[in-house]
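*Asks:* Please find the sequence and the predicted model below.
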Amino acid sequence: MKMIEGGVTAAMGFQAASTAAGIKYKNRKDMAMIYSEKPCMAAGTFTTNIVKAAPVKWDQQIVKHSAFAQAVVINAGIANACTGAEGLGYCSDTAKAAAAALKVPEEAVLVASTGVIGMQLPMDKLCAGIQAMAPQLGGSLEDGTEAAKAIMTTDTKKKEVAVQVEIGGKTVTVGGMCKGSGMIHPNMCTMLAFVTTDLAISKELLQEALSEDIKDTYNMISVDGDTSTNDTVLLLANGMAGNAEITEKNEDYQTFCKALNYINETLAKKMAGDGEGCTALFEVKVIGAESKAQAVTLSKSIITSSLTKAAIFGHDANWGRILCAMGYSGAQFDPEQVDLFFESAAGKLQIIKDGVALDYSEEEATKILSEPEVTAIADVKMGDAAATAWGCDLTFDYVKINADYRS
């Protein structure tokens, strides 16, 4: 696998554009468009929140019933959630406008929105944005990067990644971009992710690859424990790499799955590390578990603990909060068998052994916890299963950002 520069335009045949439509934000781009020169197999995973935004409902139908997809229209600022029949109608209007501008079928257009819940989209501005973007579509790395910037809300940085692998004697590229900083607790945040590839693969296997991979990537991150109304991951494959179509779970399929996992895990960690107001990416590894399910439950309980997140912000090795979070997770384990370590670029330190604190240096622990990426490793000594979850620290700024988000 070769890591390369780029995002959604890295794969052959994919183009992107962005514009400042003035939907909510001033003096910045707030709309993006992804377009494929060829029709794509489309796969998607979506929020499990019962309250689903209109774009989620629209995309679920397109992914399930349309023969192919060829474009995605994304806006930032207004989520088009809790907007009733009018909001769902606006998805259709968006698709019609994009279809006309791009000369593609309406049912080949996916839509995505992020931002404030409960507001109706200003369709005049959105349609004008589509008209502005269509002639600007381009396949350069800069086009992809600008699209990644345009879909941001409270994000502080753009998030994109791309890799290349060899499949069937052909070079296959997989690239992606995402946004997400708050209301992040996917359960498939507000998170949106778009992955493009020039691989030739059946629709069924494309969907299966995505559905399996999100379990260990997007579903293992949490910023604040809130599962958004708009969570969407879309995966488009246009087949332009020229490989023989993958129709079975062979070696080529496994190679693609590894590339997809790298893309999704990288994007997921970028979201967790850019949580609203955060100063550190907080990684939790649970090892020695008796099952994967147990490890997942324990690791996610730790990263969602507000007290633990606050301790990470304070660079405080308050290990009792971690054991406490494990204890109320619902997973069964023996607390008197747990070993706990903290690790970062500044070193690794064992904090407790068999559930009891060691005579460790608080100064060294603080040094380790002061890095921008911090890992806690909990060994429950029950088996060989493991899981990794990602979150962030909880800061004063998180409350400030969300106290006046609508204004």
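*Replies:* Yes, it's here.

*Asks:* Beyond the longest strand belonging to the chain, next helix or strand please.
*Replies:* Using DSSP state E to define each element, the chain has its longest strand at strand 31-46. Next along the chain after strand 31-46, taking DSSP states H and E as the criterion, comes helix 54-65.

*Asks:* re the thing from before, quick one: buried residues of the longest strand of the chain?
*Replies:* Under the neighbour-count criterion of 16 or more other Cβ atoms under 10 Å, strand 31-46 has 31-36, 39-46 buried. Just so you know, the C-beta spots here come from the backbone N, C-alpha and C atoms, and that holds for glycine as well.

*Asks:* Pick out the most distant pair among those.
*Replies:* Using Cβ to Cβ, the pair of those lying farthest apart is 31 and 41, separated by 25.1 Å.

*Asks:* Strand partners (parallel or antiparallel) of the longest strand of the chain?
*Replies:* strand 14-19 (antiparallel), strand 69-78 (antiparallel), strand 232-237 (antiparallel) (DSSP bridges).

*Asks:* which neighbours does the host helix or strand of residue 349 have in its sheet, and in what orientation?
*Replies:* Using DSSP H and E, residue 349 falls within strand 347-353. Strand pairing for strand 347-353, using DSSP bridges, gives strand 339-344 (antiparallel), strand 356-357 (antiparallel).

*Asks:* How far off centre is whichever helix or strand comes after the shortest one?
*Replies:* Beyond strand 356-357 on the C-terminal side, the first helix or strand identified by DSSP H and E is helix 362-369. The gap between where helix 362-369 is centred and where its chain is centred comes out at 30 Å by Cα atoms, centre = their mean, to the nearest Å.

*Asks:* Okay, buried residues for helix 362-369 please.
*Replies:* Across helix 362-369, burial judged by 16+ other Cβ under 10 Å covers 365, 368-369.

*Asks:* Next secondary structure element downstream of that helix?
*Replies:* With elements assigned by DSSP H and E, the helix or strand that comes after helix 362-369 is strand 373-379.

*Asks:* Averaged pLDDT, that following strand. What do you get?
*Replies:* Strand 373-379 comes out with an average pLDDT of 98.

*Asks:* Flag every buried residue along it.
*Replies:* 374-379.

*Asks:* OK, contacts around residue 141?
*Replies:* 5-7, 9-10 (Cβ atoms under 8 Å, 6 or more residues apart in numbering).

*Asks:* which among those gets closest to residue 386?
*Replies:* Residue 386 lies nearest to residue 7 out of the contacts of residue 141, by Cβ to Cβ, at 29.9 Å.

*Asks:* Give the helix, strand or coil label for residue 249.
*Replies:* coil (DSSP: H, G, I helix; E, B strand; the rest coil).

*Asks:* Surely it is in contact with residue 205?
*Replies:* Yes: counting by Cβ atoms under 8 Å, residue 249 does reach residue 205; the two are 7.1 Å apart.

*Asks:* Which one of those two is surrounded by more residues?
*Replies:* Neighbours per residue (other Cβ atoms under 10 Å) separate residue 249 from residue 205, with residue 205 holding more: 20 against 12.

*Asks:* Can you check the pLDDT for the more buried one?
*Replies:* We have a pLDDT of 98 for residue 205.

*Asks:* again with residue 274
*Replies:* With respect to pLDDT, residue 274 has a value of 82.

*Asks:* And for residue 227?
*Replies:* Looking at residue 227, its pLDDT is 61.

*Asks:* still on that earlier bit, most packed of the strands paired with strand 347-353?
*Replies:* Mean neighbour count (mean count of other Cβ atoms under 10 Å) peaks for strand 339-344 among the strands paired with strand 347-353, with a mean of 20.

*Asks:* angle of it against helix 362-369?
*Replies:* 60 degrees (axes from the mean of the first three to the mean of the last three Cα atoms, to 10 degrees).
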